[in-house]
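S.K.: just a sequence and a predicted model for now, questions to come.
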Amino acid sequence: MNQNPTSQTSYESDNYVTINIGPSHPSMHGTLRIITMTDGETIVKAEPDIGYLHRGVEKLGESLTYHQFIPITDRLNYCSAIPNNVSYEMAVEKLMGVEVPEKAQLIRVIMMELARIADHQVCIGILGVDLGAFTPFFYLIIQREEIYEIFEWFNGARLTNTFGRIGGVDADLPDDFEERWEELKPNVRKANDETEKLLTHNRIWMDRTIGISAFSAEDALNRGFTGPCLRACGVKRDLRIDEPYCMYDKFKFEVPVGKNGDVFDRYIVRMIEMEESLKIIDQAYKLYKEMPSDAPLMARVPKVIKPPAGEVYSALESPNGELGFFVKSNGSANPYRIRIRPPCYMMFQALPELVKGEMVADLIACISSLNIIAGELDR
Amino acid sequence: MDLKKRVEQYLGPEGLVVAMTECQGDLSAEVPKKNILDVMHLLRDTPDLGFNFLSDVFGVDNLDLNKPKKKPKKKTEEGEGAEAEEEPKEKGPSPPRYEVVYLLLCLERNERLQVKVRVAEDDMEVDSLYPIWKASDWPEREIFDMFGIRFKGHPNLKRLLMWDDFPAHPLRKDYPLEGQGEERHLVYDD
Amino acid sequence: MDDWLIAIIKVVCIWVWVLLIAVVMTWVERRGAGLIQDRPGPNRAGPWGLFQPLADGIKLFTKEEIIPTKARKILYILGPLLFSLPAFSAYAVVPFGDKIILGGKEIILQVSDVNIGFLFILAIGSMGVYGVILGGWGSTNKYSILGGLRSTAQMVSYEVPLGLALLAIVFVYGTFSLRDISLAQQGTFLGFLPNWGIFKQPLGFILFIVAAYAEANRVPFDLPEAESEIVSGYHTEYGSMRLGLYLFGEYVNLVTISGVIVALYFGSWHMPYIDLGAYLGPISWGIVSFCIFFLKVSFFLWMFVWVRWTLPRFRYDQVMGLGWRGLIPLALFNIFITALFIQLTV
Amino acid sequence: MDLYFWVFASMSVLAGLFTIAARDALPSAMGLLTVFIALASLYLHLHAPLLAIFQVAIYAGAILILIVFVMMLLMAPGERLSAIQANVSYRGSGALLGLCLIGLVAVGTKGVSNIVSMKGVPEGFGNPSMFGDLFFRDFLLHFEVVSVLLLVALIGGIYLCKKKL
Amino acid sequence: MATLTHYIVLSSILFGLGAIGFCTRRNALILFMSIELMLNAANLLLVAFSNFMADMAGQVMVLFIFAVAAAEVAVGLAILIGLFRHVREVDITKFNVLKW
C-alpha cells in the first residue's frame, strides 16, 4: 500500500509515462520528489511532493528558549547557515528593540557575504554537475572549502555555524583575518574566471540554459519569487538596498538584473553577485578596521531573553532570496510562534509552471538553478 | 501620510478593518474573515497602498494566549486530552482560536503590512488568495496541513509536509511535542 | 598450420593488450579527472593509485550478483554480454603496427586484413546497442528504458554521419581495407603536408570524431547514462561484474575507436616527414611502428578523458538535432566536395 | 565445410522458429537477430562477404533496431504478447500455407543440385570492387530507382509520424 | 558438401516459418519481423544461386532487397505508430475500422 496517494494520481491518459524523480535521485538536492508525467521526454505535468525532510522546526522552536533556537536555524539552509542565524537574531532583536553595535554588524556583514559566496559557488557548481560539466564544480568547491576554513577558524564550525548571539556576535574577527582574506580573494576570483571560461560562452552550455524555464517578471512577483531568481527575471529588488539592514546602506555595490528569467540569467546573476560580495566584504572590512579595537560586540541584553509580548517579522536577503522570520512572543522565555519564510519554498511551488513543456533534462537544470535546499523547504 | 493612516483611510470607512496594532514598527491590521478577498483586492489595487507582493501566509494558534495568564505553561507538554477540555470560559466569549497572517509588501515604497484574519474553531474556512496571488498556493496548503484551516477556492488543497493520511495537525498548540503515537498509523509496503 | 598458430598468437596478444589498455584507461580517466579538477584523484591503492583498477576489479568480481525480482532474467543477464562481446571483437580488423619479419616470414601486425575492414567495424559497432537495449528493457525500470530508448535513437542516428564520413575516406583511398589505407598515408603531399587522412579530410575527421563520441556514449553525448537525469540510464539496476562488463566494454570501445581514428586520419604507424622503416631493421621497425601507433592512440584516449571533464552534456533533442540537421548535411557536403575534387584532379 | 552449413542452418531455423513462437516481443527480436547473424555467416560461406557485412549492418544494425525502438516506444516491458490469432481460418490457413510451402519446395527442389552444378567462382568474386563495378554499371538505373524509393520512404515515414496528419 | 539443394530447402523453411508467423501472430511488430524473415529467406536463395551460378547479379539484387526492406520498415512502422495513436494497441485484430 502506498502511503502517498499523489503517486497514484491517475492521469487522464495512459499515453503518458509517470516518472517519479526522487526522493532519492542523484540530482535531487536533498530529498525532493517530483512526480512527472512525460510524453516521451517532454514534461506534461510536474508535481513537486515535499516534506521528506520535515523536522518540525517551527514546532520545535515553541519549546526552546530564544538562544536555543539559533542552532536549529543552521539546519535550514545548510549551504549558508550564517544568514539564517542572523535573520533569526535580527528578528528577536527587533522584537526586543535592541540596537546591535556597529562592529558586530560589520562582522555579520562580512560573514554573511562570505556565506553568500559559498552558497552561490555550490549552486553554480551543482548546476554544472547536473548539466554534465563536472570540472567547474571542483574549482568552486575548493574555494568554498577555503571559505569554510575561515568559518571554522572563526568559531570552530564549518557547515552549521551557529553564528552570533542575540544582540551581537560572540567573538571578534581573528587578527590575521586580513591575511587570510587577501589570500582567499584572488583565488575566488580565479575560480570564478575558470568557471566563466568553461561555461559562459560554451555553446553547449548556452543551448542548455538559455530560454530554459523562462519566467516573466509579472509571474515571478505573483509567485512570490525573491532573490537571484527574481532579479534574473528583470526585477531590481534586493533587500540589502531596498530595506537596508546591518549597515548595508553604507556600501556601494551593484545589483545585477537579468532579462528573461531563464536558467542562464540565474547563473549569470549569481556569478556577478559573487563579485559584488567580494567588493562588499572589502568595504566592510575597511570600515571594520576604522573601529576602535575595544568597541563593543554585544548590545546589553539580559541573560534570559524574555521579549515583551508582540509579534514582528524581519527579513534579510539570504543568498537565495528573502529569508524572513516571524517571531511572536507572549512574554515568556520561549517564543510563542516562530514562522520561517524560506525563499526557495515560494520558488519551488512554481515548478509546475516553470518546467511545463520542457524536457526532463531541463527539469533538472531548473531545480538546480532555483537552488532548492530541502532543509529550508521542508523545515 | 504614514501607512497606518492610509490603511485606515481606505479600509476603515467600509468597516473592513477590525483593529490595528503596531509592534516595533510592524503594522498589522485585523480584518473580518468574510471580507478577506475584498480587503486584499483593495490593498493591492489602491495606488496609495499598492501592496502588490504577497510575502508569506501562515497560521498562529492562540490557544495558550487566550487562557488566563496565571495558568502554568507546562500544561502543553502533557497529553492534549486534558488540554482540550480546558477551554477558557471565564471572560465571556473568548477571541477566536486561530489566526491566519498574511505578510504583504509594497515593492514601490518598501512598506510591509501584516493582515490578520481570526478563525474560530467552529468555522475553519477562509477564502483562498490563490486567485490573487499564486504565491499563496503552498503556504495555504501548509496551514491546512498544520492547523486544519481550510481554504475555499484553493485548487489543490492537500497536505503539504505531512503525508496524506496523517491523523493530526501538528502545529496546533494542543499537539504534544512527542507526537500522539502516529507510528501505529504507518503502514509500510512489504 | 604455421599461419593458424601466428593468427592465434596475434589474437591472444592483441586481445590481452587491448584489455590491458582498457584497464589502464579506467585509472587514467580518474587520475586525469583529478589532474583537470585540481585534486589528487585515486591515490590509495599502490603508487599514484595504480592498483585502483585491480581493486575495482576485485570488488566487482566478489560482489553479490543481484537480479532484481521484477527484471526479465534472461534479457537482464544477456544485456552486458551482448554489449561487451562486440566491443571485444571489433579490434580484429584494426592494425596495430606495420609488419614484422620473423624467420623470413612476414607477419602483418593486424589480426585480420579483410578487404571490408571498417564496414566490419560499423557492423560490429551497431551490435553493441543491443546490449544497451536488453539491459534497459530487461531491468524493467523506467529510467533504464529511457536510457535504452535514448541510446537506440542516438546510435542509429549517429551511425549515418559516421558511415558518410567513412565513405569520403573510401573516396580518397579507394579501398575498404584499413591496412591499405594506413600504407597509403606514408610520405607527404603538396610538398609539405604529411600524407595523413586529416589533411585530406579535415571536415570528415571532425564529423567522424563527433559521431564516434556519440557512438561511444561519451560526454557530451552520454545521454543514455546521464546520471543527473536518469540516474544511470540502462545500467541503473546492474551491479557486480555485470556492471563491470558494461563499463569495461565502454573502455574497450574507446580503444577501438581511437585505433580507427589513428589508422584512418593520423597516418597509422607513420611518423611525419620521416620514414623510419627505411633505417631500422625489420624486427625493430615492427616494434617501433607498434609504439608509434599506440602513442597516437593514447593521445586520442586522453582526448576522450579531456573532453569528458570539460564539456557539459547535450539535451536529448539537441543531440538528435545536431545529428540530423548538423552532421548529416555536413557529411553529405563533405562527400560532394571530395567527389568533386577527385573528379577534377584524377 | 559441411559442418559450417549445418551449424548455421540449424541455428537459423531454430531462431526463426523462436522468433515466430516467442511470447515476448524483445526475445522474439533477439531470435530474429540470431537468424540475421546466422545468415550472414552463411553468406560468408557463399562468397558474399560484403553482403554478410551489409546483412549485419543494415538488417541487424538498422532495420531490427528500428523495430525494437518502436517496440520500446509502444509496449510496456512486462507486457506479454497476446496469443496467436483468434480467427481459426487465419490460423489454419497460415499454418497450412506455411507447411505446404516448406513441403512443396523441399519436394520440388529434389535434385536441383544435379541441374545446376556448382561452378568454381572466379577470383575476387563478391569483393567490393567487383560488386561496385556491377552495381554502378549494369544496375545503375535500378540503383537510382531504389534511391528514389528510399527518399519516398523517408518522406513518407516523417509525414506519417507527425502528430496530426 | 552443402549443395544448392541444401540452401533452397533452408530458404524455404525460413520462408515457411515467416509465412506461418505472419498468418498466426497478432502483434503487429511480430508481423514485421515475420516479413523480415521471409525477405531474408529470399535473400539467402539469391546469394546461394549467385554463388552456384558464379554470377554476381544475384548479390546485387540482395542489396536492392535490403533497400526495399528498409523502406518497408520505415513506412510500416510509421503507419503503426500512427495507428497506435488512435487505438493504443499493437494488436492487429484491434485495427478493425477503416477510418478514425
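M.R.: Received the coordinates, thanks.
S.K.: from here on, contacts and neighbour counts on C-alpha atoms
M.R.: OK.
S.K.: chain E: helices as residue ranges?
M.R.: E:4-24, E:28-53, E:57-87 (DSSP state H).
S.K.: quick one, what contacts E:Phe49?
M.R.: By CA atoms under 8 Å, 6 or more residues apart in numbering or on different chains, the residues touching E:Phe49 are E:4, E:58.
S.K.: surely C:Ile66 is in contact with C:Arg242?
M.R.: No: between C:Ile66 and C:Arg242 there is no contact under CA atoms under 8 Å: 9.4 Å.
S.K.: compare the two (neighbour count), which wins?
M.R.: C:Arg242 (23 against 11; other CA atoms under 10 Å in any protein chain shown).
S.K.: any idea of the mean pLDDT in the helix or strand harbouring that one?
M.R.: Assigned by DSSP states H and E, C:Arg242 belongs to helix C:240-265. The average pLDDT for helix C:240-265 rounds to 87.
S.K.: okay, buried residues for whichever helix or strand comes after that helix please.
M.R.: Going down the chain from helix C:240-265, the next helix or strand is helix C:282-308, by DSSP H and E. Using 16 or more other CA atoms under 10 Å in any protein chain shown as the test for burial, helix C:282-308 gives C:282, C:285-290, C:292-294, C:296-298, C:300-302, C:304-306, C:308.
S.K.: now swap in stretch A:195-203 and tell me
M.R.: Quick answer for stretch A:195-203 (16+ other CA under 10 Å): A:195, A:198-200.
S.K.: CA atoms only: put that stretch into CSV for me.
M.R.: Coordinates of each C-alpha in stretch A:195-203 appear next as CSV, following Å, rounded to 0.1, in the frame of the first residue of the first chain:
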residue,chain,number,x,y,z
THR,A,195,34.1,28.7,-14.4
GLU,A,196,33.2,31.5,-16.7
LYS,A,197,35.7,30.3,-19.3
LEU,A,198,34.4,26.8,-19.1
LEU,A,199,30.7,27.6,-19.1
THR,A,200,29.5,31.0,-20.0
HIS,A,201,30.5,31.1,-23.6
ASN,A,202,30.3,27.4,-24.1
ARG,A,203,27.9,26.7,-26.9
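S.K.: and the helix holding C:Arg242, what other elements does it pack with?
M.R.: helix C:2-36, helix C:52-62, helix C:73-89, helix C:178-183, helix C:197-200, helix C:202-215, helix C:282-308 (3 or more CA pairs under 8 Å, 6 or more residues apart in numbering or on different chains; DSSP states H and E).
S.K.: so which residue of chain D comes closest to chain C?
M.R.: Evaluated by CA to the nearest CA, chain D has D:Ala57 as its residue closest to chain C, separated by 4.2 Å.
S.K.: got the contact list for that residue?
M.R.: C:122-124, C:126.
S.K.: please render the residues you listed as JSON lines that adds distance to chain A, secondary structure and pLDDT to the earlier fields.
M.R.: What follows is the contacts of D:Ala57, written out as JSON lines (distance: CA to the nearest CA, whole Å; DSSP: H, G, I helix; E, B strand; the rest coil; pLDDT from 0 to 100):
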{"residue": "C:Leu122", "distance to chain A": "28", "secondary structure": "helix", "pLDDT": "82"}
{"residue": "C:Ala123", "distance to chain A": "28", "secondary structure": "helix", "pLDDT": "84"}
{"residue": "C:Ile124", "distance to chain A": "29", "secondary structure": "helix", "pLDDT": "84"}
{"residue": "C:Ser126", "distance to chain A": "24", "secondary structure": "helix", "pLDDT": "82"}
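S.K.: and A:Lys279, how many neighbours?
M.R.: 18.
S.K.: excluding sequence neighbours, find me the nearest residue to it.
M.R.: Spatial nearest neighbour of A:Lys279, excluding adjacent residues (CA to CA, 6 or more residues apart in numbering or on different chains): A:Phe253 at 7.1 Å.
S.K.: chain neighbours aside, what residue packs nearest to the residue of the stretch 101-250 of chain C found nearest chain D?
M.R.: The stretch 101-250 of chain C approaches chain D most closely through C:Ala123 (4.2 Å), counting by CA to the nearest CA. Excluding its sequence neighbours, the residue lying closest to C:Ala123 (CA to CA, 6+ apart) is D:Ala57, at 4.2 Å.
S.K.: confirm that the one you found sits in a helix.
M.R.: Yes: per DSSP: H, G, I helix; E, B strand; the rest coil, D:Ala57 lies within a helix segment.
S.K.: quick one: it and C:Phe118, what's the gap?
M.R.: Between D:Ala57 and C:Phe118 the distance, using CA to CA, to the nearest Å, works out to 11 Å.
S.K.: same check, this time on A:Val235
M.R.: 58 Å.
S.K.: ok, now D:Val35?
M.R.: With CA to CA as the criterion, D:Val35 and C:Phe118 are 23 Å apart.
S.K.: tell me the contacts of A:Thr200?
M.R.: Contacts of A:Thr200 (CA under 8 Å, 6+ apart): A:Met206.
S.K.: circling back: so which of the helices of chain E is nearest A:Ile212?
M.R.: Closest approach to A:Ile212 among the helices of chain E (CA to CA): helix E:57-87, 28.8 Å.
S.K.: quick one: is the closest one near chain C?
M.R.: No: using CA under 8 Å from any CA of the partner chain, we find that helix E:57-87 stays clear of chain C, coming within 13.0 Å at best.
S.K.: residues contacting residue 187?
M.R.: In the absence of a named chain, chain A is used. Contacts of A:Asn187 (CA under 8 Å, 6+ apart): A:Gln143.
S.K.: that's the wrong chain, I meant chain C
M.R.: By CA under 8 Å, 6+ apart, the neighbours of C:Gly187 are C:194-195, C:272-275.
S.K.: try it again at 7 Å.
M.R.: C:194-195, C:273 (CA atoms under 7 Å, 6 or more residues apart in numbering or on different chains).
S.K.: likewise for C:Pro86?
M.R.: Contacts of C:Pro86 by CA under 7 Å, 6+ apart are C:124-125, C:127-128.
S.K.: neighbour-wise, which one of those residues leads?
M.R.: C:Gly128 leads the contacts of C:Pro86 on contacts (other CA under 10 Å) with 26 neighbours.
S.K.: send me the helix or strand encompassing it as PDB with only the CA atoms.
M.R.: Using DSSP H and E, the element containing C:Gly128 is helix C:117-138. Taking Å, rounded to 0.1, in the frame of the first residue of the first chain, the C-alpha atoms of helix C:117-138 are listed here in PDB:
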ATOM      1  CA  GLY C 117      37.800  -3.600 -42.900                       C
ATOM      2  CA  PHE C 118      35.800  -0.800 -41.500                       C
ATOM      3  CA  LEU C 119      32.500  -1.900 -42.700                       C
ATOM      4  CA  PHE C 120      33.100  -4.700 -40.300                       C
ATOM      5  CA  ILE C 121      33.700  -2.100 -37.600                       C
ATOM      6  CA  LEU C 122      30.500  -0.300 -38.500                       C
ATOM      7  CA  ALA C 123      28.500  -3.600 -38.400                       C
ATOM      8  CA  ILE C 124      30.000  -4.800 -35.100                       C
ATOM      9  CA  GLY C 125      29.600  -1.300 -33.600                       C
ATOM     10  CA  SER C 126      26.000  -1.300 -34.300                       C
ATOM     11  CA  MET C 127      25.600  -4.600 -32.500                       C
ATOM     12  CA  GLY C 128      26.600  -3.100 -29.200                       C
ATOM     13  CA  VAL C 129      23.400  -1.200 -29.000                       C
ATOM     14  CA  TYR C 130      21.500  -4.500 -28.400                       C
ATOM     15  CA  GLY C 131      23.300  -4.900 -25.100                       C
ATOM     16  CA  VAL C 132      22.100  -1.500 -24.100                       C
ATOM     17  CA  ILE C 133      18.600  -2.200 -25.200                       C
ATOM     18  CA  LEU C 134      18.400  -5.600 -23.500                       C
ATOM     19  CA  GLY C 135      19.900  -4.100 -20.300                       C
ATOM     20  CA  GLY C 136      17.400  -1.200 -20.300                       C
ATOM     21  CA  TRP C 137      14.400  -3.300 -21.200                       C
ATOM     22  CA  GLY C 138      15.300  -6.300 -19.100                       C
END
